[in-house]
Each structure stands twice: as structure tokens, then as C-alpha cells.
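A.B. asks: whatever this is, show me its structure:
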Amino acid sequence: MIKKTSIDRKAIYDLFQNIDMIYAQALISNSFPFIYGIPDQQQIETILNRVEAELIQNKGIWTEAQDQYLKIIVFGTCLQTRTRPLDLSTLQWDQISRIFKFHNWKACRNRWLNEKRKKVNWTPQEDQVLVQLQQLHPNKWCEIAIELMKICQTPYVRLGKQCRDRWVNKLDPKILNVPWYKEEELKLFQEVKKRGKRWADISAQVFKFRRTENTIKNRFYNLLKQEENRQRLGRVPKEERDILLIDSVIETLTRDLNKCDKSTSQNEANNENKNFEFLEFNSTDLDGLVIIKHKKIQKLNNP
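C.D. replies: Below is the predicted model of the structure:
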């Protein structure tokens, strides 16, 4: 039998002591529309009993009772600290998780923000602040997300993962935002054939992060789709079809690059020949042979 996690009921009850009722009503109206009033001790006790009972059968899984329990703790913390939920710091979320006990602070914060998560385009102000915060707190994405929402006063949620994706795919100055070279495309398909579709490894080890994971994945599938449309393989099993298409793309890119190399070599030879013009002279006119190089006569040998 799984041992129950002891809940510190006193810590929870204390969150609702000495409340500013005017602030509480404003908080409910603006940030807690799903709460219709300040819960009393009996209501809190009922939720806690449900949480402990469900823990026996649902260890590690979020339940409806846990959701209600988390809302009560967040609400009480906001009342005591006079802070809106979107402005709670990592330290405050850590304190919430210590009372909550069933999940760490990141899981609690993400669960709370899940209902408020919306797909909103990034603003120039957010991009600028994100660049500055990344310099101050390198790769601490949860902290960066919290600070960003405070500074920009966003009415919506930015998660740490969103901040990381924005930096990695758009804002990192190491990113190469130019069209793909055929040499890169060939290297990409050769690495996929060797490593598999391990986009993060290929981005880091092959392209040194100058091509992002998303860019690499999108380029691979775009070229693969083009090759599939060109070949029309028909009813071929997917795994076999992908192998055939990858080999075909590698062959095509290799052939194109070889043609390009030959063409370049020929052009270089032609350009080199344009710098020289061979002329014949009678020995009575000049001593030995000469060439005209860059519009100047130069002797090839001496008599």
C-alpha cells in the first residue's frame, strides 16, 4: 500500500488569514474567474481529503482534485503576497510546490498556466527583452519567461519552452538565415542516412547550431517530398520508400555538385586564358618570344 503524503493543512489555512477583502475581490474578478469566493475551512478540508484518497490510485498523475488543490494554494499565495498569478516568481512557485507536495514547481506552474496558454505572435518588445534576459540568465528559460511577462506585462502566458524555441529558432545570432547550399543539403541527407532523424544532434554536431533543428527537419522533408513527387514510387512500404528517396536525393545532389565543379573549373580556365595572348614575331623584330600579359609585353626567354 502506498503511503499517503502528509498535507500541511495549517500552512494552507494560514494562506487565508488576515485577508484584504477588497484586494481579494479584485483578484477573483481579474485572475480567478473560476473561484466564486474565498473558500472556508470545510471546503478546503473536503478537497484535501479527496487529494489524499486519489493519491493511492493515481500516484504521479494530475487529478481533478489536485487541480482544485493547486488553485486554492495559488489563490492563497496571491492573497498573501498581493501578486497576480502571472507575476509569481520562481521562489514563490517553489514555495507553492512545497505546500502542494505532489509535483515540483515547474510542473505546478505549467499546470496552472495551461488554461491561459494562447498562441500569440511575438512582439518586437518581447524579442528585445528576451535577448537581454538571455544575456543575463543564459538558458534559464523558466526564469526568463517569468521575468519577460513581468517586464512586458503580457496578458497571456509565455512558457520557458516558448522562450527557448524563440531564441533557438529566430533570435540566436549564430543562426544562418540564408538559402541552403547544395553542399549543406548533401551533408544533411548523408547524416540522416548515417544517424537517423536526430535533428538536435545534426544541428549541434554537423551544423554547429547555424542551422536550427526546425530548419533542418523542414528542409529534409521538403526535399524528400519533392523527390517523392518526381519519382512516383507508388505502393512501396514507407521505410523502404524513405531509404530509396534518401539515396536518390544524395545521388542527385552529388551529380549536381560534380557538374557545378566541372563548370567552375572550365570557367576558371577560360578566364585564365583571357589574360594571355600569344603572338609570333620574326627574330629580326624581337629577340625571342614574348607574351602580352595584362596589356604589357613580357619576354618568355632570352636568346
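
A.B. asks: hey, let's count contacts and neighbours off CA atoms from now on
C.D. replies: Noted.

A.B. asks: where in this protein is the helix or strand with the lowest mean pLDDT?
C.D. replies: Between all helices and strands in the chain, the lowest mean by mean pLDDT, DSSP states H and E belongs to strand 276-278, at a mean of 47.

A.B. asks: hang on, S6 is in a helix, isn't it?
C.D. replies: No - S6 is assigned coil when assessed by DSSP: H, G, I helix; E, B strand; the rest coil, not a helix.

A.B. asks: so for it, what's the pLDDT?
C.D. replies: We have a pLDDT of 74 for S6.

A.B. asks: ditto for the one 4 residues further on
C.D. replies: On pLDDT, K10 comes in at 87.

A.B. asks: tell me the SS of it?
C.D. replies: When classified by three-state DSSP, K10 comes out as helix.

A.B. asks: same thing with T154?
C.D. replies: Assignment for T154 (three-state DSSP): coil.

A.B. asks: what's the domain layout of the chain?
C.D. replies: 9-114, 124-171, 182-273 (automatic domain parsing).

A.B. asks: all helices for this protein, in order.
C.D. replies: Secondary structure of the chain (DSSP state H): helices located at 9-14, 21-31, 41-55, 64-81, 90-100, 105-114, 124-136, 141-152, 160-166, 182-195, 199-201, 213-231, 238-273.

A.B. asks: reformat the ones you listed as JSON lines; add mean neighbour count.
C.D. replies: Shown next, in JSON lines, are the helices of the chain (neighbours: other C-alpha atoms under 10 Å):
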{"stretch": "helix 9-14", "mean neighbour count": "14"}
{"stretch": "helix 21-31", "mean neighbour count": "14"}
{"stretch": "helix 41-55", "mean neighbour count": "15"}
{"stretch": "helix 64-81", "mean neighbour count": "19"}
{"stretch": "helix 90-100", "mean neighbour count": "17"}
{"stretch": "helix 105-114", "mean neighbour count": "17"}
{"stretch": "helix 124-136", "mean neighbour count": "15"}
{"stretch": "helix 141-152", "mean neighbour count": "19"}
{"stretch": "helix 160-166", "mean neighbour count": "17"}
{"stretch": "helix 182-195", "mean neighbour count": "16"}
{"stretch": "helix 199-201", "mean neighbour count": "17"}
{"stretch": "helix 213-231", "mean neighbour count": "15"}
{"stretch": "helix 238-273", "mean neighbour count": "13"}
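
A.B. asks: got the ones you listed as TSV, with distance to D172 columns?
C.D. replies: Output for these, formatted as TSV (distance: least, C-alpha to C-alpha, whole Å):
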stretch	distance to D172
helix 9-14	43
helix 21-31	34
helix 41-55	43
helix 64-81	34
helix 90-100	25
helix 105-114	25
helix 124-136	8
helix 141-152	14
helix 160-166	9
helix 182-195	20
helix 199-201	16
helix 213-231	13
helix 238-273	29
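
A.B. asks: show me the one of these that comes nearest I175.
C.D. replies: Of all these, helix 213-231 sits nearest to I175, with 10.1 Å by C-alpha to C-alpha.

A.B. asks: same for the closest one, what does it pack against?
C.D. replies: If you count contacts as 3 or more C-alpha pairs under 8 Å, 6 or more residues apart in numbering; DSSP states H and E, helix 213-231 packs onto helix 182-195, helix 199-201, helix 238-273.

A.B. asks: and the angle for that helix with helix 182-195?
C.D. replies: With axes from the mean of the first three to the mean of the last three C-alpha atoms, to 10 degrees applied, the angle from helix 213-231 to helix 182-195 works out at 90 degrees.

A.B. asks: so for helix 213-231, what's the average pLDDT?
C.D. replies: Helix 213-231 carries an average pLDDT of 88.

A.B. asks: can I get it in PDB? Just the C-alpha atoms.
C.D. replies: The C-alpha coordinates for helix 213-231 follow below in PDB (Å, rounded to 0.1, in the frame of the first residue of the first chain):
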ATOM      1  CA  GLU A 213      16.500  21.800 -35.500                       C
ATOM      2  CA  ASN A 214      13.300  23.000 -37.100                       C
ATOM      3  CA  THR A 215      15.100  24.400 -40.200                       C
ATOM      4  CA  ILE A 216      17.000  21.100 -40.700                       C
ATOM      5  CA  LYS A 217      13.800  19.000 -40.300                       C
ATOM      6  CA  ASN A 218      11.800  21.200 -42.600                       C
ATOM      7  CA  ARG A 219      14.500  21.200 -45.300                       C
ATOM      8  CA  PHE A 220      14.800  17.400 -45.100                       C
ATOM      9  CA  TYR A 221      11.100  16.800 -45.500                       C
ATOM     10  CA  ASN A 222      10.700  19.400 -48.300                       C
ATOM     11  CA  LEU A 223      13.400  17.800 -50.400                       C
ATOM     12  CA  LEU A 224      12.100  14.400 -49.700                       C
ATOM     13  CA  LYS A 225       8.600  15.400 -50.700                       C
ATOM     14  CA  GLN A 226       9.900  16.900 -54.000                       C
ATOM     15  CA  GLU A 227      11.800  13.700 -54.800                       C
ATOM     16  CA  GLU A 228       8.800  11.600 -54.000                       C
ATOM     17  CA  ASN A 229       6.600  13.700 -56.300                       C
ATOM     18  CA  ARG A 230       9.200  13.300 -59.000                       C
ATOM     19  CA  GLN A 231       9.600   9.600 -58.800                       C
END
